[in-house]
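Engineer: just a sequence and a predicted model for now, questions to come.
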Amino acid sequence: MSLRITDDPAADDLLSTNPLALLIGMLLDQQVAMETAFAGPLKIQQRVGAMDATTLAHEDPEAFAAAFSQTPAVHRFPGSMAKRVQSLCAAIAEDWGGDAAELWTRDDPDGATVLKRLKALPGFGEQKAKIFLALLGKQYGYDGAGWREASAPYGEDGSFRSVADITSPESLAKVREYKKAAKAAGKAGG
């Protein structure tokens with residue numbers, strides 16, 4: 001399994017091999033380009049020297065925020081996103097033994113259970129949790145019963161709605177077109 005989200009082979013390799021990196025990338029995916037968000041975990045690892053929940057949760061908050069602020073910044077809101085990442089890592093360390101993959105592997109959970117677990121995480125609302133569940137099912141090998149239904153509409157086969165559907169520059173362009181159209185429709189309707 002090899003994700004192709006960022007157009008940076010090193011960043012994509014980290015996302016493909018480190019479940020926490022993928023989860024952090026999803027957390028960062030707001031108010032920045034998807035590629036920027038999902039390239040964030042590699043920047044964090046390079047600047048902090050780690051990509052494990054326990055270490056990141058216990059980093060000095062000021063030093064961690066400073067690492068986020070280095071050019072190029074991890075996120076356009078480095079201070080607040082550094083806090084969110086540390087909160088997420090603390091939850092993974094405390095509730096999931098430091099292993100983000102436990103969210104979708106512990107006790108062989110179905111899609112609805114994984115969705116509930118994701119929504120319980122700091123920074124993960126309904127939509128973000130559904131998109132991440134769709135990403136797990138479409139590209140990360142998760143095959144729990146009912147994952148497509150639990151992640152609807154993002155789990156729909158053949159759709160180009162979110163990062164869950166990005167496998168190439170062409171699919172990224174299709175997702176961008178969908179998001180642009182959805183945003184235009186939202187503005188027209190409201």
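Structural biologist: Arrived safely. Numbering: from 1, shown residues only.

Engineer: what about residue 185, how many neighbours?
Structural biologist: Burial of residue 185 is recorded as 10 neighbouring residues (other Cβ atoms under 10 Å). Every residue, glycine included, has its C-beta placed from N, CA and C.

Engineer: distance from the helix or strand encompassing it to the middle of the chain?
Structural biologist: Using DSSP states H and E, residue 185 maps to helix 169-189. Remark: helix 169-189 is offset 19 Å from the chain centroid, using Cα atoms, centre = their mean, to the nearest Å.

Engineer: what's the mean pLDDT across it?
Structural biologist: Taken as a whole, helix 169-189 has a mean pLDDT of 88.

Engineer: tell me the buried residues in it?
Structural biologist: By 16 or more other Cβ atoms under 10 Å, the buried positions in helix 169-189 come out as 172, 175.

Engineer: which residues touch it?
Structural biologist: Identification of contacts with helix 169-189 by Cβ atoms under 8 Å, 6 or more residues apart in numbering yields 7, 34, 35, 159, 160, 161, 162, 163, 165, 166.

Engineer: repeat for stretch 140-147
Structural biologist: When contacts are defined by Cβ under 8 Å, 6+ apart, stretch 140-147 is touched by residues 1, 3, 22, 104, 108-114, 133-134, 136-137, 155.

Engineer: could you do stretch 5-22 as well?
Structural biologist: Here stretch 5-22 has contacts from 1-4, 25, 34-35, 38-39, 41-42, 45, 51-53, 89, 92, 99-101, 135, 140, 163, 166, 169, using Cβ under 8 Å, 6+ apart.

Engineer: of those, select the buried ones using a ChimeraX command.
Structural biologist: The ChimeraX selection below is limited to those of these classed as buried (16+ other Cβ under 10 Å):
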select :3,4,25,34,35,38,39,41,42,45,51,52,53,89,92,100,101,135,140,163,166
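
Engineer: leaving out the residues flanking it, which one is nearest to the spatially most central residue of the chain?
Structural biologist: In the chain, the residue lying closest to the centroid (Cα atoms, centre = their mean) is residue 26, at 1.6 Å. Of all residues not flanking residue 26 in the chain, residue 132 sits nearest, at 4.7 Å (Cβ to Cβ, 6 or more residues apart in numbering).

Engineer: nice, that's everything, thank you.
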